[in-house]
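Asks: got a structure for you, letters missing:
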């Protein structure tokens, strides 16, 4: 079985279809399941006894929202999350996700440099795929240029959600500005850039209807048990 | 450690607080997590190889919504769900939950009697706690009077969500109209009626902030791993 790697356009089409009237999903639902799958994937590789302090770096888009949900579930799983969220999105959903983290007393930090020193693991929830304006297109604007640079320099393991930030969705780290994360958690189906990626690779998003899978020939792997994620490290190395 | 059993009033207060502006949760989020926890609990007791055909009986309120979400996750877990939903709620959330099940080709049946003959397991998602008008108050209106009667007569195992339908939330099966399910999946915290219950008992709803738990002295058990449910059968038998 070969994995299918999505173009940016197809990834966007599938997301839009899931959240269309015909798909029926709300963004609240999909983000909840995406964030939960990220948190669950983390537990499978980075045990909370060795990596208790998780720093979640959130960008302004949906990738950042997935990060906020993951932070909440990681808290419930016994980790000690900390959130760096320099450009907070004002809409109602994101404000609610922030409140949910506040209610767990998850700290929001303004000082990335200091916080990195006190962390065991970083989650990169900065840039994803859904909105083209947040994808990498040759330049990363402040403050995220510095954020990406700091993540490039850290020796901590980084787990990226869906797409390593500052990578081109299809061509990977072509600018050289990006970093290569220790772990990648693809959502729904891996994107083309993941063909360039040889690290620990999980897939999350156990909600794709078989008819959508068939329509786009996604060839999704079978998730085990009740897990919301599956380790596709070996499957994805078959591409090499 | 002793479990806390909630009055109807306190259960309502906690639900409202979670979904208030201060709590920050949307009903989409909480219903998604509730339904997922129900589906996961089912897998722990009723293996899909022995109990593939699950009939989910949904009522008109939130309990029915939890059932629709559970049906979807059970499908993804490899079961063959079938839904009986005689009084479909017209609001947008419920219409979307129906579409999500339709997109998985989960059949909606009109004939409960026939469908029971082809099922291995029943999920009782008829009446819950949240809206008082759906709680049992001495009479169950059509068509649910007959539905409850049929569930009372079936020899199939029944798993009830939150409260066995037609039980009084606090006093249990005082009218005698209700049935005793083989399994009860309490959400957030068990309700007072669960003190009368001696079967398989799970708790779901791993989203209660510690400060809310403390405020109402809920004494929730520690959920294992990344599970969204915990088996409290032994804990709850300590009440006897």
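Replies: It's in. Since the structure is predicted, the reported quantities are computational estimates derived from the model, not experimental observations.

Asks: what about stretch A:67-82 and chain B, touching?
Replies: Yes: using CB under 8 Å from any CB of the partner chain, stretch A:67-82 reaches chain B at A:72-73, A:76-77. Using the backbone N, CA and C atoms, a C-beta is placed for each residue, glycine as well.

Asks: Need the nearest residue in space to residue A:182, chain neighbours excluded.
Replies: Nearest non-adjacent residue to residue A:182, counting by CB to CB, 6 or more residues apart in numbering or on different chains: residue A:157, 4.0 Å away.

Asks: pLDDT value on the one you found, please?
Replies: You'll see residue A:157 listed with a pLDDT of 98.

Asks: and what of residue A:171?
Replies: pLDDT at residue A:171 comes out at 91.

Asks: ditto for residue A:168
Replies: Residue A:168 is given a pLDDT of 89.

Asks: I'd guessed it sits against residue A:175; true?
Replies: Yes: if you go by CB atoms under 8 Å, residue A:168 and residue A:175 touch, sitting 7.5 Å apart.

Asks: The two - which one has more neighbours?
Replies: Using other CB atoms under 10 Å in any protein chain shown, the more surrounded residue of residue A:168 and residue A:175 is residue A:168, with 20 against 15.

Asks: Would you list the phi and psi of that one?
Replies: phi -70, psi 140 (degrees, to the nearest 10).

Asks: what's the answer for residue A:201, then?
Replies: According to degrees, to the nearest 10, residue A:201 has phi -130, psi 120.

Asks: again, but for residue A:84
Replies: Dihedral angles for residue A:84 - degrees, to the nearest 10 - are phi -110, psi 120.

Asks: so how far is chain B from it?
Replies: According to CB to the nearest CB, to the nearest Å, residue A:84 and chain B sit 20 Å apart.

Asks: same question, residue A:44
Replies: Separation of residue A:44 from chain B (CB to the nearest CB): 9 Å.

Asks: And for residue A:160?
Replies: With CB to the nearest CB as the criterion, residue A:160 and chain B are 20 Å apart.

Asks: how about the helix or strand containing that residue: buried residues?
Replies: Per DSSP states H and E: residue A:160 is located in strand A:158-161. Within strand A:158-161, the residues scored as buried using 16 or more other CB atoms under 10 Å in any protein chain shown are A:158-161.

Asks: mind checking how far that strand is from the chain centre?
Replies: In terms of CA atoms, centre = their mean, to the nearest Å, the centre of strand A:158-161 is set 6 Å apart from its chain centre.

Asks: Which secondary structure elements does the helix ranked longest in chain A sit against?
Replies: Longest helix of chain A, by residue count under DSSP state H: helix A:27-45. Judged by 3 or more CB pairs under 8 Å, 6 or more residues apart in numbering or on different chains; DSSP states H and E, helix A:27-45 is in contact with helix A:62-76, helix A:92-102, strand A:121-125, strand A:158-161, strand A:183-187, strand A:200-204, strand A:229-231, helix B:27-45.

Asks: can you do 6 Å?
Replies: helix A:62-76, strand A:183-187, strand A:200-204, strand A:229-231, helix B:27-45 (3 or more CB pairs under 6 Å, 6 or more residues apart in numbering or on different chains; DSSP states H and E).

Asks: which other residues reach that helix?
Replies: Contact partners of helix A:27-45, identified using CB atoms under 6 Å, 6 or more residues apart in numbering or on different chains, comprise A:65-66, A:69-70, A:73-74, A:77, A:161, A:183, A:185, A:187, A:200, A:202, A:204-205, A:207, A:228-229, B:26, B:28-29, B:32, B:226.

Asks: Repeat that for stretch A:119-127.
Replies: By CB under 6 Å, 6+ apart, the list of residues contacting stretch A:119-127 reads A:46, A:51, A:53-59, A:63-64, A:66-67, A:134, A:156-161, A:165.

Asks: Same question for stretch A:63-80.
Replies: Under CB under 6 Å, 6+ apart, the answer for stretch A:63-80 is A:31-32, A:34-36, A:38-39, A:43, A:48, A:52-54, A:56, A:58, A:81, A:83, A:97, A:100-101, A:104, A:106, A:123, A:125, A:127-128, A:161, B:206, B:226.

Asks: Show me which residues of that stretch are buried.
Replies: Buried residues in stretch A:63-80 (16+ other CB under 10 Å): A:63-77, A:79-80.

Asks: Please name the residues that touch the most centrally placed residue in chain A.
Replies: Compute the mean C-alpha point of chain A, and by CA atoms, centre = their mean the closest residue is residue A:161, 1.5 Å away. By CB under 6 Å, 6+ apart, residue A:161 lies in contact with A:38, A:63, A:66, A:125, A:185.

Asks: For beta bridges, what are the partners of it?
Replies: Residue A:161 has these beta-bridge partners by DSSP bridges: residue A:185.

Asks: what's residue A:231 in contact with, if anything?
Replies: residue A:202.

Asks: what does chain A have sitting close to chain B?
Replies: Contact residues, chain A versus chain B (CB under 6 Å from any CB of the partner chain): A:24, A:26, A:28-29, A:32, A:40, A:43, A:76-77, A:96, A:99-100, A:103-104, A:206, A:209, A:226.

Asks: Let's see that with 7 Å instead.
Replies: Contact residues, chain A versus chain B (CB under 7 Å from any CB of the partner chain): A:23-26, A:28-29, A:32-33, A:40, A:43, A:76-77, A:96, A:99-100, A:103-104, A:206, A:209, A:211, A:226.

Asks: Give me the buried entries from the residues you listed.
Replies: By neighbour count, with 16+ other CB under 10 Å, those hold A:23-26, A:28-29, A:32-33, A:40, A:43, A:76-77, A:96, A:100, A:103-104, A:206, A:209, A:226 as buried.

Asks: how close does residue A:203 sit to residue A:45?
Replies: 14 Å (CB to CB, to the nearest Å).

Asks: of those two, who's got more company?
Replies: residue A:203 (26 against 17).
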